[in-house]
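Asks: This is a predicted model, with the sequence first.
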Amino acid sequence: MQLSFKIKAMEGMFGHDNADLWFGYTVTSFWQAYNGTISSPFRETDYEPEAMLVYRTDYEIAGFRGRFLNLGTVHQSNGRSEGLSRSWNRIYAQFGFERDNLALLIRPWYRIPESAEKDDNPDIVDYMGHGDLVAVYRDERNAYSLLLRKNFDTGYGALQLSWSFPLVGRLKGYVQYFNGYGESLIDYNHYQQSFGIGASLTEGM
């Protein structure tokens, strides 16, 4: 289950009409209905507040139009006690491109270092890498997306495929497949495969 929102906090930053400040917040919970001895009904809940400066752009590269540049900072944690606690902070630059029905989002990031005594997961970059790539293709009724992460030094990464389609009104059906590391913070260093179906109010990325 995922709940997300994003709000525009300020328009026209630094005197530029094409620069806005946004704040976002995402809560993701992972269902664990059949393990009553360990944290049923949820295995994990991750919290992700974010702030981003959005620059609208308009340039062409390799047949794609560069539509925006996001400069942001994001914190992600699971709010659990020592031993099960996971958290990290990042700064990133995200580049958005469009070509007909295809959109590409390229986001390199840098993990903000923590002291050894406060770091719950010092090797998280080994599994989560230094950025991600999202490709989204939309036709008249459906949206298909691919998310890729890879740390080329360690060989760890992740692949996520998603398909959303209309059901009733604004409600959309949703199918998703995940393969790799980092689907949740608690299991960031464990290889997983998962398949999910459900409903959403927005098209999944």
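Replies: Structure received.

Asks: and stretch 120-129, what's its mean pLDDT?
Replies: For stretch 120-129, mean pLDDT is 96.

Asks: end-to-end on it?
Replies: Length of stretch 120-129, first residue to last, CA to CA, to the nearest Å: 17 Å.

Asks: after the strand ranked longest in the chain comes which helix or strand?
Replies: With secondary structure taken from DSSP state E, the chain has its longest strand at strand 42-61. Reading on from strand 42-61 to the C-terminus, the next helix or strand found by DSSP states H and E is strand 64-77.

Asks: Okay, now the sheet partners of that next one, with direction.
Replies: strand 42-61 (antiparallel), strand 87-99 (antiparallel) (DSSP bridges).

Asks: What are the contacting residues of the host helix or strand of Val27?
Replies: For Val27, the host element (DSSP H and E) is strand 19-31. Strand 19-31 has contacts (CB atoms under 8 Å, 6 or more residues apart in numbering) with 1-13, 41-56, 183-184. All C-beta spots, glycine's among them, are computed from the backbone N, C-alpha and C.

Asks: 6 Å instead, please
Replies: For strand 19-31, contacts defined as CB atoms under 6 Å, 6 or more residues apart in numbering pick out 1-11, 13, 42-55, 184.

Asks: Repeat that for stretch 196-205.
Replies: For stretch 196-205, contacts defined as CB under 6 Å, 6+ apart pick out Val134, Ala143, Ser145, Ser162, Ser164, Arg170, Leu171, Lys172, Tyr174, Val175, Gln176.

Asks: Grab the CA positions of that stretch and hand them over as CSV.
Replies: Only the C-alpha atoms of stretch 196-205 are listed here, as CSV (Å, rounded to 0.1, in the frame of the first residue of the first chain):
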residue,chain,number,x,y,z
GLY,A,196,1.5,-7.6,-7.2
ILE,A,197,-2.0,-6.7,-8.5
GLY,A,198,-4.3,-4.1,-7.2
ALA,A,199,-5.9,-0.7,-7.9
SER,A,200,-4.6,2.8,-7.8
LEU,A,201,-5.8,6.4,-8.3
THR,A,202,-2.8,7.4,-10.4
GLU,A,203,-0.5,5.8,-12.9
GLY,A,204,2.4,4.0,-11.2
MET,A,205,5.9,5.0,-12.1
